[in-house]
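Peer 1: My questions are about this predicted structure, shown below with the sequence.
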Amino acid sequence: METKRRGFLKALGVSTLGAGSGGFFTNSPVTLFGKSPEELAKDINKEVYQKKQYTTDVVIAGGGMAGVCAAIAAARNGSKVILIQDRSRLGGNASSEIRMHVLGATALRQVWRETGILEELFLTEAVDNQQRCYEMWDFVMYDKVISEKNITLLLDTVLYDAEVANSEIKLIRAICSQTEEIYEIKAKYYADCTGDATLGAIAGAEFMRGREAKSQWGESLAIDKADNKSMGNSLLFMSSKHDRPMPYTPPTWAKKFTAKDFVHRKINSFEFGYWWLELGGMVDIIQDGQKLRHDLLTILFGVWDYIKNSGNHPESENWALSWVGMIPGKRESRRLVGDYIMKQEDVQSAKLFPDRVAYGGWPLDDHPPEGMSSTDMVPYISIPLKAPYSIPFRSLYSKNIKNLFMAGRNVSVSHVALSSTRVMATCATMGQAVGTAMAYCTKHNIKPVTLSQQKAHLTSYQQLLLRQDQAMLGVKNEDQKDLAKLAKVNASSETKEGAAAQVLDGYNRDIMDGSTHQWRADMKAGQPWIELSWSKPVKINNVQLTFDTGLHRRLLISSDDKVYHSQERKAQPETVADYTIEVKTKKGTQEVARVENNYLRRVEHIFAPTEVESIRIKVLRTNGDPLAKLYEVRCYLDDIQVS
């Protein structure tokens, strides 16, 4: 058995990945300062840098929205998880270090806000961070991650090496300079959520870079001749209004702009810097990163100089910069090759893949690689979609590295398809799909390709995702373990559009088919209740409820005041706030749950296994809506311990 070490420098392309290499490794020797990566590693003072070894089920590289959701999903499904993040904060482009708000299928302006773990994060942030502090959003994610007992979080930790044998990753190496530790981590499965596909590149996974030609896949939005160019990076800023004039003197190296540079770029607000402050698509977005950051700063300060000092924006007189980003937000770099490559037609046709595990809805939103270096060009071309599209599981694992999954902007898509799939809400749902798949594969000791090809496994996996509120399309509750499906439904009252029986119709949200798919009852009638009863007693220990959280509106953290006009920065009014759950047994009725101030969409109530004849959910209060609303009730007898 041959074992190969693939170092970080090799993955970055030193001496191997030239601009014309097409994204695959050559046999050129890798050197830096005349030494190989292995020789450089030997130079590290081992008395200072201590080696620490881990063995785990799952390693997730990258702590952006995809990595966070993947880690939480894998942990909640029973896997031991190590999450590696190369910075001190979670969230990636969404973090306070970059401050891009999380966007996705809400762009359709329908009912398709993503659910699952991302929805849980959104709902928690809206309640706990009503002051709209970006740093507190970071800590909402941090709290969720470290509260999972199955997750070991390694912040400020950089992946630099991997050992691969028989097309499988056997271990990875990472370094934390702050704690002076070198980690060797062995796992059964690995997920690349780095955005740049760093782990995949280190491990020798096939990947793509640049823009494909029309002729390759028949994409009408593709370019005529393939190239190595990409969408660029953006650097954001924030500013605040003061009660007096605030002068501004730019650094000497700031770029100068005139009014003609903004013909295609709107300066329509001051408090939140512009996504079109973009550069990098003409060079290597990874290796040229240091220069790109400085070039973006020259543009950012130059734009602010124009706003403050050109005389064309006198309303900016009392405004001053309050924050400037130092980490550019990336849109595109490497894309790993899976068993399926999503293309333009897959996004626009909205076909339902048999192995669908997530969905997107952002427009086909491509940015020219020139960015701000050619201000006479439009900064983007956006093709709106009519409906959400499904994302296949086959695009979320590596074609040639058997135990490697991926989620985020580095998944198996064409450049054109990437212009939609790259946004963070979509990446987050891919992360939950991958984390759940890793735990499933661990439990059943199978590879991802087996999970995708064997219908029984695939169906079981999709039903597990649906149970955990993953955002999918056209997948109905057919979970044979759900004992609620055997029950009859009765309610104290119901509206014409909200028949009580709809809590068992298999759908846990509005799907724009003319049905509400939820029980509704007027709160004026008192404390409405809904009851499930069985002809013969059933033993259960888990009741799962899915509430309405207003999926038609956007819900996100942002520095841009405009995005808050349609938001509820608190518990969502449609959501049931206070309720009780009672079970009826042969011995009588007992209360197994009493909840106050709920704001979550999906809740589980676990209690000692109990043989019940019926359960009753009584709504005591909503968060403001005049109707009690409940999408779904599920009942299980799970193999879990009650503390």
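Peer 2: Noted; the coordinates are in hand. Numbers count the residues shown, from 1 in each chain.

Peer 1: which residues of the stretch 251-400 of the chain fall in strands?
Peer 2: 278-279, 319-324, 335-336, 356-360, 364-366, 381-383, 389-392 (DSSP state E, counting those that start in this stretch).

Peer 1: Let me know which of those is the nearest to Asn445.
Peer 2: Nearest of the strands of the stretch 251-400 of the chain to Asn445, taken as Cβ to Cβ: strand 356-360 at 20.2 Å. Glycine gets a C-beta too; all of them are placed from N, C-alpha and C.

Peer 1: Given that closest one, what are its sheet partners and their directions?
Peer 2: strand 389-392 (antiparallel) (DSSP bridges).

Peer 1: now for the strands of the stretch 251-400 of the chain, which one comes closest to Val633?
Peer 2: Set against Val633 and scored by Cβ to Cβ, these come closest in strand 356-360, at 24.2 Å.

Peer 1: Output that closest one as CSV, nothing but the C-alphas.
Peer 2: Below are the C-alpha coordinates for strand 356-360, written out as CSV (Å, rounded to 0.1, in the frame of the first residue of the first chain):
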residue,chain,number,x,y,z
ARG,A,356,-31.5,15.9,-3.9
VAL,A,357,-30.4,17.0,-0.4
ALA,A,358,-30.5,20.8,-0.5
TYR,A,359,-31.7,23.7,-2.7
GLY,A,360,-30.8,27.1,-4.0
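
Peer 1: what about this protein, any weak spots by pLDDT?
Peer 2: Along the chain, the model assigns pLDDT under 70 to residues 1-46, 559-565, 641-643.

Peer 1: what's downstream of the host helix or strand of Ala66, the next helix or strand?
Peer 2: Per DSSP states H and E, Ala66 falls inside helix 65-76. Scanning forward in sequence from helix 65-76 by DSSP H and E, the next helix or strand is strand 81-84.

Peer 1: Enumerate the positions of the helix or strand just after that next one that are buried.
Peer 2: As assigned by DSSP H and E, the chain's next helix or strand after strand 81-84 is helix 116-128. Under the neighbour-count criterion of 16 or more other Cβ atoms under 10 Å, helix 116-128 has 116-127 buried.

Peer 1: helix/strand/coil for the spatially most central residue of the chain?
Peer 2: For the chain, Ala428 is the residue whose C-alpha lies nearest the centre (Cα atoms, centre = their mean; 1.5 Å). With DSSP: H, G, I helix; E, B strand; the rest coil as the basis, Ala428 sits in helix.

Peer 1: That one and Phe405, how far apart?
Peer 2: 15 Å (Cβ to Cβ, to the nearest Å).

Peer 1: and what of Val158?
Peer 2: Using Cβ to Cβ, Val158 is found at 20 Å from Phe405.

Peer 1: The two: which is more packed in?
Peer 2: Phe405 (31 against 17; other Cβ atoms under 10 Å).

Peer 1: for that one, helix, strand, or coil?
Peer 2: strand.

Peer 1: how much space is there between it and Thr442?
Peer 2: Where Thr442 is concerned, Phe405 sits at a distance of 12 Å (Cβ to Cβ).

Peer 1: Next, show the common contact partners of the two.
Peer 2: Residues touching both Phe405 and Thr442 (Cβ atoms under 8 Å, 6 or more residues apart in numbering): Tyr189.

Peer 1: Would you mind listing the outside residues contacting the helix or strand where Ser239 lies?
Peer 2: Ser239 belongs to strand 237-241 when assigned by DSSP H and E. By Cβ under 8 Å, 6+ apart, the list of residues contacting strand 237-241 from outside reads 99, 270-273, 300, 304, 318-325, 559.

Peer 1: can you state the direction angle for that strand and strand 319-324?
Peer 2: Relative orientation of strand 237-241 versus strand 319-324 (axes from the mean of the first three to the mean of the last three Cα atoms, to 10 degrees): 140 degrees.

Peer 1: Report the distance from strand 237-241 to the chain centre.
Peer 2: Offset of strand 237-241 from its chain centre (Cα atoms, centre = their mean, to the nearest Å): 27 Å.

Peer 1: mind listing what's buried in it?
Peer 2: 237-239.

Peer 1: Send me that strand as PDB with only the CA atoms.
Peer 2: Taking Å, rounded to 0.1, in the frame of the first residue of the first chain, the C-alpha atoms of strand 237-241 are listed here in PDB:
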ATOM      1  CA  PHE A 237     -16.500  49.000   5.200                       C
ATOM      2  CA  MET A 238     -18.900  50.600   7.600                       C
ATOM      3  CA  SER A 239     -19.500  54.300   8.500                       C
ATOM      4  CA  SER A 240     -21.500  56.200  11.000                       C
ATOM      5  CA  LYS A 241     -23.200  59.600  11.000                       C
END
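
Peer 1: what number of residues lie near Pro245?
Peer 2: Using other Cβ under 10 Å, Pro245 is surrounded by 10 other residues.

Peer 1: Please list all residues in contact with it.
Peer 2: Under the criterion of Cβ under 8 Å, 6+ apart, the contact partners of Pro245 comprise 317-318.

Peer 1: Look up phi and psi at it.
Peer 2: Backbone torsions for Pro245, taken as degrees, to the nearest 10, come to phi -60, psi 140.

Peer 1: Same check on Ala213?
Peer 2: Dihedral angles of Ala213 (phi, psi; degrees, to the nearest 10) stand at phi -80, psi 160.

Peer 1: Distance of it relative to Arg509?
Peer 2: Counting by Cβ to Cβ - Ala213 and Arg509 are separated by 39 Å.

Peer 1: Which residue comes closest to Asp638 once chain neighbours are left out?
Peer 2: The shortest distance from Asp638 to any non-neighbouring residue, by Cβ to Cβ, 6 or more residues apart in numbering, is to Asn542 (5.0 Å).

Peer 1: So that neighbour is in contact with Ile640, correct?
Peer 2: Yes - using Cβ atoms under 8 Å, Asn542 makes contact with Ile640 at a distance of 7.3 Å.

Peer 1: Which of those two has more residues huddled nearby?
Peer 2: Legend: neighbour count by other Cβ under 10 Å for Asn542 and Ile640, higher for Asn542 (18 against 12).

Peer 1: Which secondary structure state does that one sit in?
Peer 2: Under three-state DSSP, Asn542 comes out as strand.

Peer 1: show me what contacts it?
Peer 2: 604-607, 634-638, 640.

Peer 1: Now with 6 Å, please.
Peer 2: Residues near Asn542 by Cβ atoms under 6 Å, 6 or more residues apart in numbering: 606, 636, 638.

Peer 1: mind putting these in a markdown table, distance to Thr106 and secondary structure included?
Peer 2: Formatted as a markdown table, the contacts of Asn542 follow (distance: Cβ to Cβ, whole Å; DSSP: H, G, I helix; E, B strand; the rest coil):
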| residue | distance to Thr106 | secondary structure |
| --- | --- | --- |
| Ile606 | 32 | strand |
| Tyr636 | 31 | strand |
| Asp638 | 33 | coil |
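
Peer 1: who touches stretch 122-132?
Peer 2: Counting by Cβ under 6 Å, 6+ apart, 136-137, 140, 555, 557, 569, 571, 599-600 sit against stretch 122-132.
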